[in-house]
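Engineer: Structure for the following, please:
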Amino acid sequence: KGAMGVVYQGKDPKIGRIVAIKTMALAQEFEADELADVKARFFREAETAGRLNHPNIVTIFDAGEEHDLAYIAMEFLKGQDLVPYTKTGSLLPPEKVVSIAARVAEALGYAHRQNVVHRDIKPANIMYEPQSDMVKVTDFGIARITDASKTKTGMVLGTPSYMSPEQLAGKKIDGRSDLFSL
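Structural biologist: Next up, the predicted model:
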């Protein structure tokens with residue numbers, strides 16, 4: 001359960017694939033005036049991540065709405081986000097950190113070449129599974145498709161402690177801002 005909704009483990013009945021289903025109960029959580037913006041932001045995640053096909057970016061399978069429930073079906077990831085690994089006593093060895101950072105940088109480079117800027121790179125949006133050494137960038141909820149719309153200035157979205165100076169200042173940003181956050 002997160003700020004924007006609930007994520008369930010599910011199974012695609014047609015092919016038996018295990019998936020993660022991110023849901024948001026639209027009418028219950030938001031007033032009518034903010035509902036359109038929130039819905040657009042939710043589905044922007046599916047649109048932006050759905051454009052991307054990279055081994056270190058979560059794969060989106062489907063998105064839609066049923067009654068008052070919006071959903072995104074995506075690749076089910078084992079492991080956890082990197083937040084626990086940022087705490088004293090749980091830090092990863094330097095060579096592992098460099099390996100993870102390099103793969104995230106490759107994923108971001110790919111996304112930037114596809115005109116997608118993530119805008120919220122932080123440990124909570126990077127999944128890691130130690131047994132398989134899998135790394136995936138997740139949560140493209142505030143990502144911007146830079147070729148589809150001009151990146152707005154004056155609008156600050158993201159997590160302040162990981163934001164680039166230009167993002168904090170509400171200036172126009174590009175992929176370099178993601179690299180600063182990484």
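Engineer: and the residue nearest the centre of the chain, what is it in contact with?
Structural biologist: Most central in the chain under C-alpha atoms, centre = their mean is residue 139, positioned 1.5 Å from the mean C-alpha point. Residue 139 is in contact with 45, 120, 124, 125, counting by C-beta atoms under 8 Å, 6 or more residues apart in numbering. Just so you know, the C-beta spots here come from the backbone N, C-alpha and C atoms, and that holds for glycine as well.
Engineer: Keep only those of the residues you listed that are in helices.
Structural biologist: residue 45 (DSSP state H).
Engineer: Let's have the contacts of residue 139 in JSON lines, adding distance to residue 34, pLDDT and neighbour count.
Structural biologist: Formatted as JSON lines, the contacts of residue 139 follow (distance: C-beta to C-beta, whole Å; pLDDT from 0 to 100; neighbours: other C-beta atoms under 10 Å):
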{"residue": "45", "distance to residue 34": "17", "pLDDT": "76", "neighbour count": "22"}
{"residue": "120", "distance to residue 34": "19", "pLDDT": "88", "neighbour count": "20"}
{"residue": "124", "distance to residue 34": "23", "pLDDT": "91", "neighbour count": "17"}
{"residue": "125", "distance to residue 34": "23", "pLDDT": "93", "neighbour count": "22"}
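Engineer: No further questions, thank you.
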